[in-house]
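Q: With the sequence up front, the predicted model follows.
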Amino acid sequence: MTDLTDLSIAQARDLLAKGDLSSKELTQAQVTAMEGKRELKAFITETPEKALEMAAASDARRAKGEAGKLEGIPVAIKDLFCTKDVLTTAGSHILDGFRPFYESSVTTNMFREGAVMLGKTNLDEFAMGSGNLTSYYGGAINPWRAKGDNRNLVPGGSSGGSASAVAGRMALGATGTDTGGSIRQPAAFTGIVGLKPTYGRCSRWGIVAFASSLDQAGPMTRTVRDSAIMLGAMAGHDPKDSTSADIAVPDFEEGLDGGVKGLTIGIPREYRVDGMPDEIEALWQQGIKWLEEQGAKTVEISLPHTKYALPAYYIVAPAEASSNLARYDGVKFGLRVDSDDLTEMYEKTRAEGFGAEVKRRVLIGTYVLSAGYYDAYYLQAQKVRTRIADDFKQAWQQVDAILTPATPSAAFSADDPPSDPIAMYLNDVFTVPVNLAGLPGISVPAGLTSDGLPMGLQVIGKAFDEATVLRVGQSLEDAAGFDARPEGY
Amino acid sequence: MSLDKATVARISRLARIATTDEEQERLAGELGGILAWVEQLSEVDTDGVEPMTSVVEMLLKSREDVVSDGGVADDVVRNAPKSAHGFFVVPKVVE
């Protein structure tokens, strides 16, 4: 048998179903891999005992003839999901020691479907970042390295620990969350698949909130099929999240191999940005060719407000964050810096508990929502957001899905990140518009740079049409035949 | 758009984040840079455009106004840095 840690979820599922493999064996192999690769800092908290207990329980269920969609599959959980009695940090000092007494709806769904939890993965503090550089615990490291270069690379962010765990064969799959690209960008940086579902497809209940009108949970896996399987176990209506969509969750695996024949794929001209490396442009052209060769029609389209997506995002997201993060006050959970004065206690606690990027965003959010500025900033940004969503609506008159690069570059060095906040924000130039419009998007690994680093293509679909997004993703995966893997770790 | 130190001091107070003199200096530059960059949104013609209030088209559900959860005060205060008798404890606020 091949190395157990190299199995896809689909392969493991079949071996488990045939009785050729137990969840205990599979989980033990992943626990060993997780413990052996600690230098990548993919996990903030490892839960090997819980994992082996869950695996034993899964094997017992299977013996009784019961098997859920992720029965016996060991996965990693981004440390933004509240997990009952297990430390939940959001990558922040301010949540020191926080052990929720409840389980997030998404993890509840996954565990009901038989998933086994290996641990909680590293992330940018409160999911604010594109390089895992803002984690209080020190950022996760990308298992990939550039050819002939020993420097550590970032795994992307914010779901960088999940990406590193999946790419580094420490977990078969992992949950991520995506507010502006936090699933798709790290997936592209680490050569794995990352799917951000439609806003409302997965419940946000029990996920530490960043920007509530943008946050969405999704799967990070090594194949498109695995993302389809995992999304099926994560999604579903939840009365505890008023924005969760009360519509049926289809079988995302069905129709996955349907191909792209007869589909029209839009190629947005505004995604050709200044300074984009030739290799990214070439990969995009290659992707267009692959889809055409498989029978899709491609047409150039225009999404005219694309350039305003990032600035709109950097008003809306910080505004919502400043409100959501008001709850960290040293009273209800986590860190407290004592003082005799209540206001001073709040101020000192938050000064010590939040890192620089979180403070920056909370302050920007506070400013744009403050008296006299609300209309000029927040209201205008929400109007621009309507414009961006309308651009996509126009496109859907003509096309079934949209193909773009996932990121404007490959992974960068942890020692030499983009110089200022805005340069860092530009990482998400292709992913942010999708969050603003609430649409589903997938990043699929499709090629390597001349330095040997992975690059991804993004497929964007209509609201609640993850099925088409996955089908186009599968066609790209088939054509790309991406089988490169990180060496050295 | 540039921000002065006094404005940074005011918003840090509103956000309940203590900032030192030196931090205010640095933040004035950083936040001013971000605000100058987002300024480009004013170029967009938004006459007659409704601000987005619902990300995907759906109606918010209503439910019966009944208690569906509760009675877990001990759990609620379990993570508090300081608690007593099922209450959160804060510094004295009344004389």
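A: Right, received. Where do you want to start? Note that the coordinates shown come from a computational prediction; the quantities given were computed from them, not determined experimentally.
Q: Any idea how many residues pack against the residue nearest to A:Lys383 when sequence neighbours are not counted?
A: Counting by CB to CB, 6 or more residues apart in numbering or on different chains, A:Lys383 lies nearest to B:Thr46, which is 3.9 Å off, once chain neighbours are set aside. Any C-beta I mention is one placed from the backbone N, CA and C, and that applies to glycine too. Neighbouring residues of B:Thr46 were enumerated by other CB atoms under 10 Å in any protein chain shown; the total is 18.
Q: How about B:Glu50?
A: Residues lying near B:Glu50 (other CB under 10 Å) number 9.
Q: again with A:Ala29
A: Per other CB under 10 Å, the neighbour tally for A:Ala29 reads 18.
Q: can you tell me how far it sits from chain B?
A: Look at A:Ala29 and chain B: by CB to the nearest CB, to the nearest Å, they are 34 Å apart.
Q: contacting residues for the residue nearest to A:Ala296 when sequence neighbours are not counted?
A: If the residues on either side of it in the chain are set aside, A:Ala296 comes closest to A:Val260, at 3.9 Å by CB to CB, 6+ apart. Under the criterion of CB atoms under 8 Å, 6 or more residues apart in numbering or on different chains, the contact partners of A:Val260 comprise A:291, A:294-296, A:471-472, A:475.
Q: try 10 Å this time
A: Residues touching A:Val260, when contacts are defined by CB atoms under 10 Å, 6 or more residues apart in numbering or on different chains, comprise A:290-298, A:400-401, A:468, A:471-472, A:474-476, A:478-479.
Q: which of the residues you listed count as buried?
A: A:290-291, A:294, A:296, A:298, A:400-401, A:468, A:471-472, A:474-476, A:479 (16 or more other CB atoms under 10 Å in any protein chain shown).
Q: From chain B, how far off is the residue nearest to A:Ala296?
A: For A:Val260, the distance to chain B equals 25 Å [CB to the nearest CB].
Q: quick one: what helix or strand has that residue in it?
A: Secondary-structure element containing A:Val260, defined by DSSP states H and E: none, the residue being outside all helices and strands.
Q: sec struct for the residue nearest to A:Lys383, please.
A: Three-state secondary structure (criterion: DSSP: H, G, I helix; E, B strand; the rest coil) places B:Thr46 in coil.
Q: Would you mind naming what in the stretch 1-150 of chain A lies close to chain B?
A: Taking CB under 10 Å from any CB of the partner chain as the contact definition, the stretch 1-150 of chain A meets chain B at A:88, A:95-102.
Q: So which of the residues you listed are in strands?
A: Restricting those to those inside strands, with DSSP state E as the criterion, leaves an empty set.
Q: could you list every residue that touches residue 46?
A: Using chain A. Contacts of A:Glu46 were listed using CB under 10 Å, 6+ apart, and they are A:31, A:34-35, A:38, A:76, A:118-120, A:170.
Q: Switch to chain B, please.
A: By CB under 10 Å, 6+ apart, the contact list for B:Thr46 reads A:379-384, A:386-387.
Q: Ok, B:Arg78 next?
A: For B:Arg78, the contact set (CB under 10 Å, 6+ apart) comprises A:98-101, A:333, B:72.
Q: Return the member of these nearest to B:Lys92.
A: For the contacts of B:Arg78, the residue nearest B:Lys92 by CB to CB is A:Phe333; the value is 21.4 Å.
Q: secondary structure class for the residue lying closest to the closest one once chain neighbours are set aside?
A: In this structure, A:Phe333 finds its nearest non-sequential neighbour in B:Asn79, 3.8 Å apart by CB to CB, 6+ apart. Of the three states, B:Asn79 takes coil under three-state DSSP.
Q: State the phi and psi torsions of B:Asn79.
A: B:Asn79 has phi and psi values of phi -90, psi 0 when expressed as degrees, to the nearest 10.
Q: Can you show me the helices along chain B?
A: Across chain B, reading from the start of the chain, the helices by DSSP state H fall at B:5-14, B:21-38, B:73-77.
Q: want to try TSV for those, with distance to chain A, mean pLDDT and mean neighbour count as columns?
A: Compiled in TSV, the helices of chain B are given as follows (distance: least, CB to the nearest CB, whole Å; pLDDT from 0 to 100; neighbours: other CB atoms under 10 Å in any protein chain shown):
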stretch	distance to chain A	mean pLDDT	mean neighbour count
helix B:5-14	5	97	17
helix B:21-38	4	95	17
helix B:73-77	4	94	13
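Q: can you pick the most crowded of the contacts of B:Arg78?
A: That'd be A:Phe333 among the contacts of B:Arg78, by other CB under 10 Å, with 24 neighbours.
Q: That concludes my questions; thank you for your assistance.
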